[in-house]
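Visitor: Whatever this is, show me its structure:
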Amino acid sequence: MSLGPAEVGKIAHLARLAIRDQDVPAYAHNLSAILELVARMDAVDTAGVIPMAHPLDMAQRLRVDEVSEANQRERFQAIAPRVEAGLYLVPKVIE
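Guide: Sure thing, here's the model as predicted:
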């Protein structure tokens, strides 16, 4: 699939990008190459491929879940501007 200047302009408009006129041919070439790659990938038969969550078939090594620092909540809340019932009070940001 080959994109022309009109398609590149429409894509740039939808993406809210400002593209100089002299750059349009390069963008058209690069975007066309990307679309061709996607079309080739889409043509690959993946009927027998089992989906996987990770390319390596092994378990991750996890660290031991243990406390590594002392509880300093009271110390930090003593210098906080506003605290109530052990919680930090902050200004409302969502209306």
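Visitor: how close does Val49 sit to Asp23?
Guide: Noted for Val49: a distance of 39 Å to Asp23, by CB to CB, to the nearest Å. The C-beta positions use only the backbone N, C-alpha and C, and glycine is treated the same way.
Visitor: neighbour count winner among the two?
Guide: Shown here are Val49 and Asp23; by other CB atoms under 10 Å, Asp23 has more neighbours (12 against 8).
Visitor: Which pLDDT value goes with the more buried one?
Guide: Residue-level confidence at Asp23 comes out at 95, pLDDT.
Visitor: what sits against it?
Guide: Going by CB atoms under 8 Å, 6 or more residues apart in numbering, Asp23 touches no other residue.
Visitor: sec struct for it, please.
Guide: Three-state assignment for Asp23 (DSSP: H, G, I helix; E, B strand; the rest coil): helix.
Visitor: What helix or strand is Val8 located in?
Guide: Secondary-structure assignment from DSSP states H and E places Val8 in helix 5-14.
Visitor: which helices and strands does that helix pack with?
Guide: Helix 5-14 is packed against helix 24-42, with contacts defined by 3 or more CB pairs under 8 Å, 6 or more residues apart in numbering; DSSP states H and E.
Visitor: can you pull the buried residues of the helix it packs on?
Guide: Along helix 24-42, the positions that meet the burial threshold by neighbour count (16 or more other CB atoms under 10 Å) are 24, 27-28, 31-32.
Visitor: which other residues reach whichever helix or strand comes after that helix?
Guide: Toward the C-terminus, helix 24-42 is succeeded by helix 73-78 as the next helix or strand (DSSP H and E). The set of residues external to helix 73-78 that reach it, using CB under 8 Å, 6+ apart, is 83, 86, 88.
Visitor: again, only this time at 10 Å
Guide: For helix 73-78, contacts defined as CB atoms under 10 Å, 6 or more residues apart in numbering pick out 72, 83-84, 86-88.
Visitor: same deal with stretch 47-58?
Guide: Applying CB under 10 Å, 6+ apart, the set of residues contacting stretch 47-58 from outside is Gln60.
Visitor: gap between Gln60 and Val90?
Guide: The spacing between Gln60 and Val90, counted by CB to CB, is 35 Å.
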